[in-house]
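[1] no sequence on hand, only this structure:
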């Protein structure tokens, strides 16, 4: 059985329960959809280290990794996504590998077309950030 490929994603949370959404540039099948930034874990790298590296590469920011959101979120066959709430330590996010970035606050979380894999994560995040 082939091992799962792990993809990590950062839910970067700013004051006011705002979260950073990133618009995919590629591949063509996903381009234009919105996601949480992140990427694949390299061999020999732990999840949190990969998440910090991906945010540095994709957004030009340093993050602090916080609470994990859920367990393994299924993606395409052979892939799982692991998600963490994160905060900015330094830098201003720049769309280096994405078409656009957007901060979404309460009441705006559904204003973008989330990719299918990210939509249930956004709903879980909303429940964490805005408890009843």
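    In hand now; what should we look at? Please read all numbers here as calculations on a predicted model, not as lab measurements.
[2] ranges for the strands of this structure?
    For the chain, the strands defined by DSSP state E occupy 5-14, 18-24, 34-35, 38-40, 62-74, 79-90, 98-104.
[3] now do the longest one: distance to the chain's middle.
    Read that as strand 62-74. With Cα atoms, centre = their mean, to the nearest Å as the basis, strand 62-74 stands 8 Å off its chain's centre.
[4] what packs against it?
    Judged by 3 or more Cβ pairs under 8 Å, 6 or more residues apart in numbering; DSSP states H and E, the packing partners of strand 62-74 are strand 5-14, helix 47-59, strand 79-90, helix 119-129. Yep, even glycine has a C-beta here, placed from its N, CA and C like the rest.
[5] which one of the ones you listed is the most hemmed in?
    Ranked by mean neighbour count under mean count of other Cβ atoms under 10 Å, the helices and strands packed on strand 62-74 are led by strand 5-14, which reaches a mean of 21.
[6] quick one: list the elements packing against that one.
    By 3+ Cβ pairs under 8 Å, 6+ apart, strand 5-14 packs against strand 18-24, strand 38-40, helix 47-59, strand 62-74, strand 79-90, helix 119-129.
[7] low pLDDT regions in the protein?
    Counting by pLDDT under 70, the chain shows low-confidence ranges at 1-2, 132.
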